[in-house]
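Novice: sharing a sequence plus its predicted fold:
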Amino acid sequence: MRLILCIFVCLGAAGIGSLLTTPALRPWYASLRKPNWTPPNWLFGPVWTVLYVAMAIAAWLVWRKAGLTAPPMQLFLLQLLLNVAWSAVFFRLRSPGPAFAEIVMLWFAILATSIEFWRAIPTAGWLLFPYLIWVSYATALNFSIWRLNA
C-alpha cells in the first residue's frame with residue numbers, strides 16, 4: 001500500500017504540474033525564443049513519468065526504513081512542492097527569471113534529498129540521480145530561455 005501511495009502522490013504532483021503547464025504551451029511557450037538544444041515537447045511527458053515513478057520507489061524505500069516523518073522524507077516532500085511550484089512560476093505566471101531562481105532552489109533540494117536518501121538506503125539515493133541530472137538540464141534550459149527572452 002505504501003508504494004501505491006507514493007506513486008499516487010508523485011503522479012499527483014505530476015498531474016498538478018501538467019495542469020499548470022499545458023494551458024501556457026500555446027501560444028506563450030511556443031512563442032518564446034529557445035536554444036537549439038531544447039527538446040521537443042512530446043519528450044517531456046515520458047521523461048517526467050519515468051522520473052516520478054523512480055522518485056516514488058525511492059520515497060517508498062526510505063519510508064519503509066526511516067518512517068514518514070523522518071528528515072529525508074520531509075526533504076522529499078519539500079522538493080516535490082518546489083517541483084510543482086516551478087511549473088506555476090514558469091508556465092502559469094509566465095516568469096522565466098523568477099522560475100530560474102526557483103529551479104535553483106529545487107536543484108539544491110533534490111541534491112539534499114538524494115544525499116539523505118543515499119544515507120538511508122543507497123539504492124534510493126541512486127534512484128533520484130536521473131532526476132537531478134534532468135533538473136540540471138532543465139535549469140540550464142530555463143536560464144537560456146530567460147536570457148533569450150529578457
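Specialist: Ah, there it is.
Novice: now the residue nearest the centre of the chain. Its backbone dihedrals?
Specialist: Taking C-alpha atoms, centre = their mean, the centroid of the chain lies closest to N83, which sits 4.2 Å from it. Main-chain torsions, N83, degrees, to the nearest 10: phi -60, psi -50.
Novice: so it touches G17, yeah?
Specialist: Yes. Using C-beta atoms under 8 Å, N83 is in contact with G17, at 6.8 Å. In this view, the C-beta of every residue, glycine as well, is placed from N, C-alpha and C.
Novice: ok, T22 - how many residues close by?
Specialist: 12 (other C-beta atoms under 10 Å).
Novice: one more: the one 3 residues further on?
Specialist: As a burial measure, the neighbour count of L25 was computed by other C-beta under 10 Å and equals 12.
Novice: not counting its neighbours along the chain, what's nearest it?
Specialist: Closest residue in space to L25, ignoring its immediate chain neighbours: N41 at 6.6 Å, by C-beta to C-beta, 6 or more residues apart in numbering.
Novice: give me the neighbour count for that neighbour.
Specialist: Residues within reach of N41, counting by other C-beta under 10 Å, total 12.
Novice: next: Y131.
Specialist: The number of residues packed around Y131, counting by other C-beta under 10 Å, is 22.
Novice: what sits against it?
Specialist: Contact analysis of Y131 by C-beta atoms under 8 Å, 6 or more residues apart in numbering lists 51, 54-55, 110.
Novice: measure I57 to A88 for me?
Specialist: 26 Å (C-beta to C-beta, to the nearest Å).
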